[in-house]
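Enquirer: Give me the fold of what follows.
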Amino acid sequence: MKPEASLGQRLVYTWTDVVNQIKNTEAEAVFLADFEAGPENPQPLILLATQKLQWEEQPEAAMPVIERAVEVALRVGMWRRHALGEKARVALALDRPAIVEDVLRQLMGLTFTRGNADCGVERDFLDRLPPGSIDADVARAYDEYCRERGALPKALEQQIDDLILSSAAPKWRKVAEITSDVLTACARDKIEITEYAIAKRVDYLAEHDQLQAKGDLRRPRDSEIRLSD
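Expert: Residues are numbered from 1 along each chain as shown. The predicted structure is shown next:
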């Protein structure tokens, strides 16, 4: 029987992996040991920064940790969005919008090829910025960057979900038809949205049992959805 891989040998793991094995108070030692065992993986440092920011409420202590994680992530080309996003959250907690602005510029400048493991596009740190705290052009550009990749503001997510659900029916309908209905409604209400963003919300609603789906949702002309019973 093959022994279970240690945390340091895993590419991806979560806070739960740690707390299932040790007490929360020992988590920092585990994260640091994991990073020492695998210094090309920035995830242990990212999660340690998250621990200090969210669990210990010590953003000052989190900043040097996440800066180290960002340096590793950019060097190895792995988890760059993840590290930079967490740096933006730490900067928000420290009321340093200039750092958040710099992070947004870095995020928009990232390029990806196969092998660049990472999280999806995130925007919570943009939406939480006080109005006028960063360059308006940078804020606008990052908002467009997110929307093009299906990451919508929370209020718009709910609006799109409502449009999808109102277009769906108890009977099966092609995803392409639903998408067309939503695009038409958005154009009428002067809402800028992409087909990809709508597709992501269809996926979300199906995953959360608000819609039933059949077929490959990545192929809207060949897949169908209906309202859940």
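Enquirer: Show me what the longest helix along the chain is packed up against.
Expert: Assignment by DSSP state H gives helix 59-76 as the longest helix of the chain. Of the remaining helices and strands, those touching helix 59-76 by 3 or more Cβ pairs under 8 Å, 6 or more residues apart in numbering; DSSP states H and E are helix 43-50, helix 80-93. Quick note: C-beta positions are derived from backbone N, CA and C, even for glycine.
Enquirer: Go through the ones you listed and pick out the most buried.
Expert: Of those, the one with the most neighbours on average (mean count of other Cβ atoms under 10 Å) is helix 43-50, at a mean of 26.
Enquirer: now that helix against helix 59-76, angle please.
Expert: On the basis of axes from the mean of the first three to the mean of the last three Cα atoms, to 10 degrees, helix 43-50 is oriented at 160 degrees to helix 59-76.
Enquirer: Which neighbouring elements make contact with helix 43-50?
Expert: Under the contact criterion of 3+ Cβ pairs under 8 Å, 6+ apart, the helices and strands touching helix 43-50 comprise helix 15-19, helix 27-37, helix 59-76, helix 80-93.
Enquirer: now those helices in a markdown table, with distance to L211 and mean pLDDT?
Expert: As requested, those are arranged in a markdown table below (distance: least, Cβ to Cβ, whole Å; pLDDT from 0 to 100):
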| stretch | distance to L211 | mean pLDDT |
| --- | --- | --- |
| helix 15-19 | 28 | 58 |
| helix 27-37 | 38 | 92 |
| helix 59-76 | 35 | 97 |
| helix 80-93 | 28 | 97 |
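Enquirer: Among those helices, pick out the one with the most neighbours on average.
Expert: Of all those, as judged by average neighbours under mean count of other Cβ under 10 Å, the leader is helix 80-93 with a mean of 24.
Enquirer: Give me the helices and strands touching the helix or strand following that one, please.
Expert: Stepping forward along the backbone from helix 80-93, the first helix or strand reached (DSSP states H and E) is helix 97-109. Contacts of helix 97-109 with other secondary structure elements, assessed using 3+ Cβ pairs under 8 Å, 6+ apart, are made with helix 80-93, helix 124-127, helix 136-148.
Enquirer: want to throw those helices into TSV with distance to N116?
Expert: Converted to TSV, the helices and strands packed on helix 97-109 look like this (distance: least, Cβ to Cβ, whole Å):
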stretch	distance to N116
helix 80-93	7
helix 124-127	21
helix 136-148	17
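Enquirer: Can you check which of those helices gets nearest to R114?
Expert: With Cβ to Cβ as the measure, helix 80-93 is the member of the helices and strands packed on helix 97-109 nearest R114 (14.7 Å).
Enquirer: Output the longest helix of the chain as CSV, restricted to C-alpha atoms.
Expert: This file holds the C-alpha atoms of helix 59-76, laid out as CSV (Å, rounded to 0.1, in the frame of the first residue of the first chain):
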residue,chain,number,x,y,z
PRO,A,59,-2.2,41.9,8.6
GLU,A,60,1.2,43.4,9.6
ALA,A,61,2.6,40.0,10.2
ALA,A,62,0.9,38.6,7.0
MET,A,63,2.5,41.1,4.7
PRO,A,64,6.1,39.9,4.8
VAL,A,65,4.9,36.3,4.4
ILE,A,66,2.8,37.0,1.4
GLU,A,67,5.5,39.1,-0.2
ARG,A,68,7.8,36.1,0.1
ALA,A,69,5.1,34.0,-1.4
VAL,A,70,4.6,36.4,-4.4
GLU,A,71,8.4,36.3,-5.0
VAL,A,72,8.4,32.5,-5.2
ALA,A,73,5.2,32.4,-7.3
LEU,A,74,6.4,34.8,-9.9
ARG,A,75,9.8,33.0,-10.1
VAL,A,76,8.4,29.5,-10.6
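Enquirer: If anything else comes up later, I'll come back, but that's it for now.
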